[in-house]
Every structure is written in C-alpha cells, then in structure tokens.
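Undergrad: Only the shape, not the letters, is given here:
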C-alpha cells in the first residue's frame, strides 16, 4: 500500500520558536494534504498541495511540496500556544479519495 | 448547518461483544468514509460508502462491516470485539464530484474501549 513517513514523531518548542515537520515517500506523490488534530479532537483539514515545488502560506504556516513530489513540509513561524496538537500529512489515493495518513508529529509548545 | 456528527461519544465494551457506531454526514454530502485511529497513530482507512454501497475497503477483517442509509448516514459495526479494537473511530464525509471527492470533513469521533 501507499505510505508516507513523517518525522519527527514529537517536537517540543518554546513559544516563539519555529517548528517544522517533514513528510516523505519513496514514490512520487500525486498530492499531499495536511491536517491538524488538537488534543482530544479530530483531524481538521489545513491544505492540499498538488504541484511540484508548490509553496502555500496560511498566516504563520508555510507548506511546501518537493520538486520531485516525494516530500513535503509544514513550517510554523513563531509558535503560539494555539499551535499545540498533532500535525498529519496524508496522501489522497485514487479518485475515490481514500486517505493514507502519516504517523503525525505531536507538537508541544512551552510558555 | 451541522457538521459531521457521530454517536456515541464514548463507549466501553468487553471482548467478544458487538458494537454499532453511527455517523451523520455534513449537509449536502453523500459519501462517508470510516477510519480507525489507535493511540499515537494516524487514522487508518476502514471503508467508504457511496450510494448505499461499500465501494472501497482498507485492510480490515470481515468483523468490520458497515451500512449507508438513503439519507446518507452510516453505521460501522464491529463483531467479536478484541482488545486491539480499542481506538478512536472517525467518520469523514465528502461529496462525490467529477474526478473524485470534495474535501473530507471529519466528525468528532467515537472513543471505543474494549476491556
């Protein structure tokens, strides 16, 4: 089956520091999606990337899709307490839309 | 406009029992997908329902079955529960569009504990 590997599994940062999580695949990805799951919550869609080298920004969040479409990253600038949660990358497979999730990166922000 | 709703919120069962989880999709959506999320893991796809039929299935045993009703709501049934079935069960709704599916919206999940 299709797989996406995500690193790191855990990240602890002090408020104001930057944070990056990486998503990698051994095969070319047609797309990559990013989700955020707050503690005790459910995954919430953040963004989808489909083009080689694509970069998208949402306020302090920057999403990138690699030129070879085998990796992606999510970067948060100047983390805040509200950024706490687990960030997942996911591949949307085929036209039926099944999602293949990475294991996620759990972000903890210290005051 | 209600989003995706799931019931119950929490459930405790014992090994060997059977459980039924319910999901109502977002208004206007016609496709329901079910995922299992074990603690510390990403969600794993169980199956997807469209037009009252299962049209895609993940790597889960036949103990996991489902149903979709004419109003697009869905049920997930798990028979002969095992300890390893303890997880958060997520329902995601979407709309079938030309070329695939619209964005998937997840419900709050049902936390199942098997003792």
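TA: Received it, and whenever you're ready, just let me know what you need. Remember, predicted model here, so these are calculated numbers, not experimental data.
Undergrad: hmm, whichever strand in chain A runs longest touching chain B?
TA: Ranked by residue count and defined by DSSP state E, the top strand of chain A is strand A:85-93. Yes - contact between strand A:85-93 and chain B, assessed by CB under 8 Å from any CB of the partner chain, occurs at A:88, A:90, A:92. For the C-beta atoms, the positions are set from N, CA and C on the backbone; glycine is no exception.
Undergrad: what's the closest of these to chain B?
TA: Ranked by distance to chain B (CB to the nearest CB), those are led by residue A:88 at 5.4 Å.
Undergrad: For residue A:105, name its beta-bridge partners.
TA: Beta-bridge pairing of residue A:105 under DSSP bridges involves residue A:87.
Undergrad: Quick check: pLDDT value at residue 72.
TA: Picked chain A for this. Residue A:72 carries a pLDDT score of 97 in this model.
Undergrad: my bad, chain B
TA: 96.
Undergrad: Would you mind identifying the next helix or strand past the helix or strand of chain B with the lowest mean pLDDT?
TA: One helix or strand of chain B scores below all others by mean pLDDT, DSSP states H and E: strand B:100-101, with a mean of 68. Once the chain leaves strand B:100-101, the next helix or strand it forms, by DSSP states H and E, is strand B:105-106.
Undergrad: So which other helices or strands are in contact with that next one?
TA: Helices and strands in packing contact with strand B:105-106 are listed as strand A:43-49, strand B:87-94; criterion 3 or more CB pairs under 8 Å, 6 or more residues apart in numbering or on different chains; DSSP states H and E.
Undergrad: Dump those strands into JSON lines; add mean neighbour count and mean pLDDT as well.
TA: Output for the helices and strands packed on strand B:105-106, formatted as JSON lines (neighbours: other CB atoms under 10 Å in any protein chain shown; pLDDT from 0 to 100):
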{"stretch": "strand A:43-49", "mean neighbour count": "18", "mean pLDDT": "94"}
{"stretch": "strand B:87-94", "mean neighbour count": "25", "mean pLDDT": "96"}
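Undergrad: do you know which of those lies nearest residue B:2?
TA: strand B:87-94 (11.0 Å; CB to CB).
Undergrad: how many degrees apart are the closest one and strand A:43-49 in direction?
TA: On the basis of axes from the mean of the first three to the mean of the last three CA atoms, to 10 degrees, strand B:87-94 is oriented at 50 degrees to strand A:43-49.
Undergrad: which residues are contacting strand B:87-94?
TA: Residues from elsewhere that reach strand B:87-94, judged by CB atoms under 8 Å, 6 or more residues apart in numbering or on different chains: A:42-43, A:97, A:99, B:4, B:6, B:21, B:23, B:25-26, B:29, B:31-39, B:43, B:72, B:74, B:76, B:101-107, B:109-112.
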